[in-house]
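>>> sequence unknown, structure follows:
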Ligand code: 5AD
Ligand code: SF4
């Protein structure tokens, strides 16, 4: 698909015509990864963050948030719950928290890998090559790091550098790949200042980086952040990408078409924006993964990246039941095993 066609789809609002896009993405999904929906248990291990992203409630300058860091024993209990619920993967996510020490996590990774069959995904922000290397050696399988936007001027504006520590997430993604991680990235849809042309560039970058996992969610303003109020995007009328479910589904569909065998989640932000059908919509336009939240409830409500995330706090076994019903209702089935990237030739890597 070329740029012109991609732009056309992003701007298209004709439901009849869009059906063609949904069908094409759904076919690419079926051929690329099949009918299976993989469940990854998500544990939000710390909401401390040294960064000051203009969009995120965990930013260091937000003093209205109650910070926590889970203990190793608490995280191990979540891993055991993931196994009990039949999940093949555990995702450990946090803000960029350098108090999460490399050696401490090496021990925890070693323990989880030795005592469970889980694949381990890390999503801990921008860490040093030494840390990333140590965690890989300890047994971590995958790493998620969104590049957020391919427009470097916009990225610099909304994701400030940390002193003389220049943020280069694209370089980090290439490093993660070299270190042997299955690598995931992604963007938000509708951040103020995001052009349609920028979103097209984002999708081509998914293809160029040959990502194993692609996470795409709508931007949801957080009142305690610089982008929390209605900020003028500075773009000419009609150029700003709207932060809607429909636009997110278009981006998911196009990502699926350019990366047929990637793992693409129906993201939490989609489920938060439309609690009734967000996930099902994403699953029908290219997504094949759901990340049920296993974080203990009293921590989960404090992991407030954006508002609404903790509105419907449900224990893990309850949301697990609902998610399985949703998947069944779509005629799909829940995956068994780790559900890693399918390499051409059909075998899971
Ligand atoms: N709305 C939606 N997504 C957000 N993220 C951060 N802040 C927001 C927000 N306000 C996403 C970013 C980040 C991931 C952890 O959450 O893409 O990489
Ligand atoms: Fe920190 Fe990530 Fe939030 Fe940025 S998006 S403030 S790095 S948690």
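Done, it's in. Everything numeric here is computed off the predicted structure, so don't read it as measured data. Residues are numbered from 1 along each chain as shown. Ligands and ions are numbered 1, 2, ... in the order given.
>>> how about the nearest residue to the most centrally placed residue in the chain, chain neighbours excluded?
Nearest to the mean C-alpha position of the chain, by CA atoms, centre = their mean, lies residue 215 at 3.8 Å. The shortest distance from residue 215 to any residue other than its chain neighbours is 3.5 Å, reached at residue 186 (CB to CB, 6 or more residues apart in numbering). Every residue, glycine included, has its C-beta placed from N, CA and C.
>>> same thing with residue 124?
residue 94 (5.2 Å).
>>> Check residue 120 too.
According to CB to CB, 6+ apart, the nearest residue to residue 120 is residue 140 (4.9 Å).
>>> number of nearby residues for the one you found?
Counted with other CB atoms under 10 Å, the neighbours of residue 140 add up to 25.
>>> now residue 130
Around residue 130 there are 9 residues (other CB under 10 Å).
>>> hang on, it packs against residue 101?
No - counting by CB atoms under 8 Å, residue 130 does not reach residue 101; the two are 11.8 Å apart.
>>> and residue 67, what is it in contact with?
Contacts for residue 67 were tallied using CB atoms under 8 Å, 6 or more residues apart in numbering; they are 46-48, 302.
>>> Surely it forms part of a helix?
No - counting by DSSP: H, G, I helix; E, B strand; the rest coil, residue 67 falls outside a helix, being coil.
>>> For residue 14, grab the count of nearby residues.
Applying other CB under 10 Å, I find that residue 14 has 8 neighbouring residues.
>>> Tell me how far it lies from residue 203.
20 Å (CB to CB, to the nearest Å).
>>> and the stretch 151-300 of the chain, which residues reach ligand 1?
188, 217, 219-220, 222, 269 (CB under 6 Å from any ligand atom).
>>> where along this structure do the helices fall?
Counting by DSSP state H, one finds helices in the chain at the ranges 3-11, 15-33, 72-84, 102-115, 129-138, 152-158, 169-178, 196-208, 245-258, 268-273, 278-284, 297-300, 316-329.
>>> how about those helices in JSON lines, adding mean pLDDT and distance to residue 61?
Shown next, in JSON lines, are the helices of the chain (pLDDT from 0 to 100; distance: least, CB to CB, whole Å):
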{"stretch": "helix 3-11", "mean pLDDT": "97", "distance to residue 61": "33"}
{"stretch": "helix 15-33", "mean pLDDT": "97", "distance to residue 61": "39"}
{"stretch": "helix 72-84", "mean pLDDT": "98", "distance to residue 61": "27"}
{"stretch": "helix 102-115", "mean pLDDT": "98", "distance to residue 61": "26"}
{"stretch": "helix 129-138", "mean pLDDT": "98", "distance to residue 61": "24"}
{"stretch": "helix 152-158", "mean pLDDT": "93", "distance to residue 61": "14"}
{"stretch": "helix 169-178", "mean pLDDT": "96", "distance to residue 61": "21"}
{"stretch": "helix 196-208", "mean pLDDT": "97", "distance to residue 61": "26"}
{"stretch": "helix 245-258", "mean pLDDT": "97", "distance to residue 61": "28"}
{"stretch": "helix 268-273", "mean pLDDT": "90", "distance to residue 61": "22"}
{"stretch": "helix 278-284", "mean pLDDT": "95", "distance to residue 61": "30"}
{"stretch": "helix 297-300", "mean pLDDT": "95", "distance to residue 61": "21"}
{"stretch": "helix 316-329", "mean pLDDT": "92", "distance to residue 61": "32"}
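>>> pLDDT of the longest strand seen in the chain, averaged?
Ranked by number of residues, the top strand in the chain under DSSP state E is strand 36-46. On average, the pLDDT along strand 36-46 is 97.
>>> Can you list the buried residues in it?
37-46 (16 or more other CB atoms under 10 Å).
>>> Mind pulling up the pLDDT for residue 346?
pLDDT at residue 346 comes out at 43.
>>> burial measure for residue 185, as a count.
25.
>>> any idea how far residue 19 is from residue 282?
In terms of CB to CB, residue 282 sits 16 Å off from residue 19.
>>> Looking at the two now, which is surrounded by more residues?
Taking other CB under 10 Å, residue 282 and residue 19 do not tie; residue 282 has more neighbours (27 against 10).
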